[in-house]
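Trainee: Quick check, what structure comes out for this input:
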Amino acid sequence: MEAALRSAYEIITGRELPFNGLHVNQLGGLQGVKELSFTVTGTLPEWSFLEGVTMELAVAHGLGNARQVMESIKSGKKSYHFVEIMTLSGRLHRRRRTAEAHHEQGAAGAHQRDLQGRRGEEAAQIA
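Mentor: Residues are numbered from 1 along each chain as shown. Coordinates of the predicted model:
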């Protein structure tokens, strides 16, 4: 969701999303339901119909929380412009975090670590 939110905001306003490091911390984490509301201001002329609109977003982690979000929408208690359902297991999320850490450390370093890991796997297969 963060990437879609960053892209939409930049297209609509011509500016980068004004969050620290372009990370939307309010939507982070792996537990429960996270919600974020923000008002669109400073739109480009072709997007002026969105000026002043308060955007409502939600991220639900796990299918139980997804059901909770869907039921709140169905009953009319909540209304969102964008909902993301996350069903990653903890193991897959750890892999994603590891990949992100490698990206932050630089692609060259990550590539070197990947090659070293493959060489170790190849050596184990030969032995």
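
Trainee: Verify the contact between Tyr80 and Ile73 for me.
Mentor: Yes. Taking C-beta atoms under 8 Å as the definition, Tyr80 is a contact partner of Ile73 at 6.8 Å. Using the backbone N, CA and C atoms, a C-beta is placed for each residue, glycine as well.

Trainee: Low-confidence stretches in the chain?
Mentor: 19-31, 88-127 (pLDDT under 70).

Trainee: where exactly do the helices run in it?
Mentor: Taking DSSP state H as the test, the helices found in the chain are 2-13, 63-74, 90-105, 107-126.

Trainee: tell me the domain ranges of this protein?
Mentor: Domains of the chain are assigned by automatic domain parsing as 2-87, 92-127.

Trainee: so how many other residues sit close to Trp47?
Mentor: When counting by other C-beta atoms under 10 Å, one arrives at 16 neighbours for Trp47.

Trainee: Surely it is in contact with Tyr9?
Mentor: No. Counting by C-beta under 8 Å, Trp47 does not reach Tyr9; the two are 10.4 Å apart.

Trainee: shared neighbours, the two?
Mentor: Residues touching both Trp47 and Tyr9 (C-beta atoms under 8 Å, 6 or more residues apart in numbering): there are none.

Trainee: For the residue lying closest to Arg6 once chain neighbours are set aside, give its distance to Ser72.
Mentor: Nearest non-adjacent residue to Arg6, counting by C-beta to C-beta, 6 or more residues apart in numbering: Leu17, 4.8 Å away. Applying C-beta to C-beta, to the nearest Å, the value for Leu17 to Ser72 is 26 Å.

Trainee: Counting neighbours, what do you get for Ser37?
Mentor: For Ser37, using other C-beta under 10 Å, the count is 12.
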